[in-house]
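*Asks:* Sequence and predicted structure, then a few things I'm wondering about:
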Amino acid sequence: MNDTSDTVTGAEAVVEMLTLHGVEMLFGLCGDTSLPLYDALARLPHGMRHILARDERSAAYMADGYARVAGKVGVCEGPSGGGVMYLLPGLAEANESSVPVLGINSDISVAARGRYTLTEIDQGALMRPVTKWNAVLDRSQDIPRIFRAAFDQMTTGRPGAAHIALPFDVQNGPVHRTELFADPSLGQYPARRVAPDPSELARAAKLLGTAARPVFICGGGVVISGAHEELLRLAERLTAPVATSISGKGSIGEAHPLAAGVVGSNGGTAETRAIIDDADLIVFVGCRAGSVTTERWRYPAPGKVKVVHLDIDPAVLGANYPLEAGLVGDAKLGLAALNDALATAMRRPLNADRVQKAKEEKFRKFQALAASIEKPIKPERVVAELSRALEPDAIVVADAGTPCPYLSAYYEVSRPGRRFISNRAHGALGYSLPAAIGTYFARPQGKCVAVMGDGSFGFACGDLETAARYRLPITFIVIANATYGWIKAGQKSGYNQRYFGVDFTATDHAAVAAAFGLRSWRVTEPDQLGKVLHEALAPAEPTLLDIVCQPLHEAKAPVSEWIA
């Protein structure tokens, strides 16, 4: 920027505002309406790294994965028209998952609106339902104010996504230098934490102190707020089992005696359900108590158990269950306050027998399937081998469909924190591959593994080229069964095996990955899986493991060894 001038261009102001908020990574895709912004990024010293994606959906999912692990705002960008439509799915997922992702779409000029201009679309109306906050800029002078508002909205209260439409002429207009300021703390989340009301805290503490069989059900809010120590201290004081939603996986180390694992209809088991049924008090923490976690509001059964709910979003309190106490506040501050309120209460002796018996029965059934040498390879075997092969600090990104329920139920995260990611808000296929790329840039020192079905692979495989271009040491695992397996299972169990519109031709995913420049393997034999998995995890470069989980007569693609 020219220090002798009182103004900068709108595009330069965007770069400066992102820098002032501490943004380090941009994920995006170029377009003609974005030329001023790209030129500013090319010319100016800013310290940000731009990752060129092959699809705007992927760019948004990369920003999502980055934000979840880095604890910072993820930023994605794209051009007008198709670019804004493709960015939308990722912003919708991030917003509903309470992940702060800023989507920036360049746009046609303000002067060109309403003239049937190529790529014209009402970006504000399109993005309003799927973001926490959005704005369409009309004047370059408003850029600093709008960006400050976006970061404030994304990282305070319930975190969420924001969207800014940046017209071409606004990028070229003037902005006064005096307006270029920001609060860098708003580039991280959660920002400006709030604590629950003292009267509700007292009521909740009394309930916890008198409950005979309290159980915690923790959602993503515990992981987001970093409330692991506070949760553990409270659970141990009360000798209370801790169950989690899928997004809450990592609220407690799952090797802990009180860790009951994931509950619900997408990863829960009969054994974990029994723990919920046995409770006389349920404490939801950072959890919306939605349809999946509660198996459509049956576990816990409304009216049959007392409920306390702690959440940053006041709208979720009492939405699905009558409450004995509702605490609006940050999970870390709320749990710390509950610990303080119970500090003088007698600590209960640790008794985790019921949790341990439930886990033993659950994993006894699992191991019987995981040890099977039958073909096709069973998903349980994939989870078991992955559990043996990965270090405790590894991060697993599971796509919706087949990977999510198996991994959420049986892949144990031994240490608390964000070490398991799945897109549970909308469950769109094609998430894990690009999200793993964003995850790597957030924490490059750890191993990252993306697990997907072959349906998901078809949505996102173009960004294997992105992984190859940047030589990212991510291992991509494809569970290949040539079908949309989750839906086919529903047709099998609920519709008398009337399969319709779910099967497709088997693909040699290893060969596809090799074409993009990745080292890749294809495995059909159960007893070879462990060995090949270790080989795939070892290189400091991107690799892909194609695991055939359908009968060989259905796997029409050729079976190949390692492809150089």
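*Replies:* Perfect, thanks for sending it.
*Asks:* what are the ranges of the helices in the stretch 101-250 of the chain?
*Replies:* 123-127, 143-155, 168-172, 198-210, 220-225, 228-238 (DSSP state H, counting those that start in this stretch).
*Asks:* Of these, flag the one that's most buried.
*Replies:* Stretch with highest mean neighbour count among those: helix 220-225 (a mean of 27; mean count of other CB atoms under 10 Å). (Glycine included, C-beta is placed from N, CA and C.)
*Asks:* if we can go back for a sec, out of the helices of the stretch 101-250 of the chain, which gets nearest to I377?
*Replies:* helix 220-225 (31.0 Å; CB to CB).
*Asks:* hang on, the earlier thing: I'd like the helices of the stretch 101-250 of the chain written out as TSV, with distance to G453 and mean pLDDT added.
*Replies:* TSV is the format used below for those (distance: least, CB to CB, whole Å; pLDDT from 0 to 100):
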stretch	distance to G453	mean pLDDT
helix 123-127	29	98
helix 143-155	31	98
helix 168-172	40	98
helix 198-210	41	97
helix 220-225	23	98
helix 228-238	31	97
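*Asks:* Which among the ones you listed is found nearest to Q356?
*Replies:* helix 228-238 (14.5 Å).
*Asks:* If we ignore the residues flanking it in sequence, what's nearest G221?
*Replies:* G286 (1.8 Å; CB to CB, 6 or more residues apart in numbering).
*Asks:* nope, Q153 is what I meant
*Replies:* W133 (3.8 Å).
*Asks:* How about the contacts made by that neighbour?
*Replies:* Listed by CB atoms under 8 Å, 6 or more residues apart in numbering, the contact partners of W133 are A149, A150, Q153, M154, G160, A162, H163.
*Asks:* picking up where we left off before, am I right that the residue nearest to G221 is in contact with H228?
*Replies:* No - contact criterion CB atoms under 8 Å: G286 and H228 do not qualify, at 11.5 Å.
*Asks:* what do the two both touch?
*Replies:* V222, S251.
*Asks:* Against A480, how distant is E525?
*Replies:* 14 Å (CB to CB, to the nearest Å).
*Asks:* same question but for D6, I mixed them up
*Replies:* 60 Å.
*Asks:* Pick out whichever of those two has more residues nearby.
*Replies:* A480 (29 against 10; other CB atoms under 10 Å).
*Asks:* burial of the closest residue to that one other than its chain neighbours, as a residue count?
*Replies:* The spatially closest residue to A480, leaving aside those adjacent along the chain, is D454, at 4.5 Å (CB to CB, 6+ apart). Counted with other CB under 10 Å, residues neighbouring D454 total 27.
*Asks:* which residues sit in contact with D454?
*Replies:* V478, I479, A480, N481, A482, A506, T507, H509.
*Asks:* what about the fifth one, how many residues close to it?
*Replies:* Other residues within reach of A482, judged by other CB under 10 Å, total 22.
*Asks:* The last one too?
*Replies:* The number of residues packed near H509 is 26, by other CB under 10 Å.
*Asks:* please begin residue numbering at 33 from this point
*Replies:* Fine by me, first position is 33 from now on; the one you just mentioned is H541.
*Asks:* Surely it and R554 touch.
*Replies:* Yes - at 7.5 Å, H541 counts as touching R554 under the criterion of CB under 8 Å.
*Asks:* shared neighbours, the two?
*Replies:* Common neighbours of H541 and R554 (CB under 8 Å, 6+ apart) are D578.
*Asks:* List the buried residues of stretch 352-361.
*Replies:* N352, Y353, L355, E356, A357, G358, L359, V360, G361 (16 or more other CB atoms under 10 Å).
*Asks:* Please report how far the third one lies from G470.
*Replies:* With the distance defined as CB to CB, L355 ends up 36 Å from G470.
*Asks:* how about V55, what does it touch?
*Replies:* V55 sits next to M80, K104, V105, V107, G219 when contact means CB under 8 Å, 6+ apart.
*Asks:* 6 Å instead?
*Replies:* With contact set as CB atoms under 6 Å, 6 or more residues apart in numbering, V55 has these partners: M80, V107.
*Asks:* Could I get the phi/psi values of it?
*Replies:* Dihedral angles of V55 (phi, psi; degrees, to the nearest 10) stand at phi -70, psi 130.
*Asks:* how close does it sit to A302?
*Replies:* V55 is 46 Å from A302, by CB to CB.
*Asks:* Could you do A244 as well?
*Replies:* For A244 relative to A302 (CB to CB), the value is 23 Å.
*Asks:* okay, these two: which has more neighbours?
*Replies:* Each of A244 and A302 has its neighbours counted (other CB under 10 Å); A302 has more, 10 against 7.
*Asks:* pLDDT at the more buried one, what is it?
*Replies:* If you check A302, the pLDDT there is 94.
*Asks:* gap between it and V105?
*Replies:* From A302 to V105 the distance is 40 Å (CB to CB).
*Asks:* Repeat that for R475.
*Replies:* From R475 to V105 the distance is 16 Å (CB to CB).
*Asks:* Over to R171?
*Replies:* Taken as CB to CB, the span from R171 to V105 is 24 Å.
*Asks:* Have a look at these two and say which one is more surrounded.
*Replies:* Neighbour tally, R171 and V105, criterion other CB under 10 Å: the higher count belongs to V105, 30 against 15.
*Asks:* Might one say that the more buried one is in contact with P132?
*Replies:* Yes - counting by CB atoms under 6 Å, V105 touches P132, with 4.7 Å between them.
*Asks:* Name the residues contacting each of those two.
*Replies:* With CB under 6 Å, 6+ apart as the test, V105 and P132 both reach M186.
*Asks:* The stretch 33-182 of the chain: strands as residue ranges?
*Replies:* 39-41, 57-60, 81-84, 106-110, 133-139, 165-168 (DSSP state E, counting those that start in this stretch).
*Asks:* Throw those strands into TSV and include mean pLDDT and distance to Y438, thanks.
*Replies:* Shown next, in TSV, are those (pLDDT from 0 to 100; distance: least, CB to CB, whole Å):
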stretch	mean pLDDT	distance to Y438
strand 39-41	98	51
strand 57-60	98	29
strand 81-84	98	30
strand 106-110	98	27
strand 133-139	98	27
strand 165-168	98	36
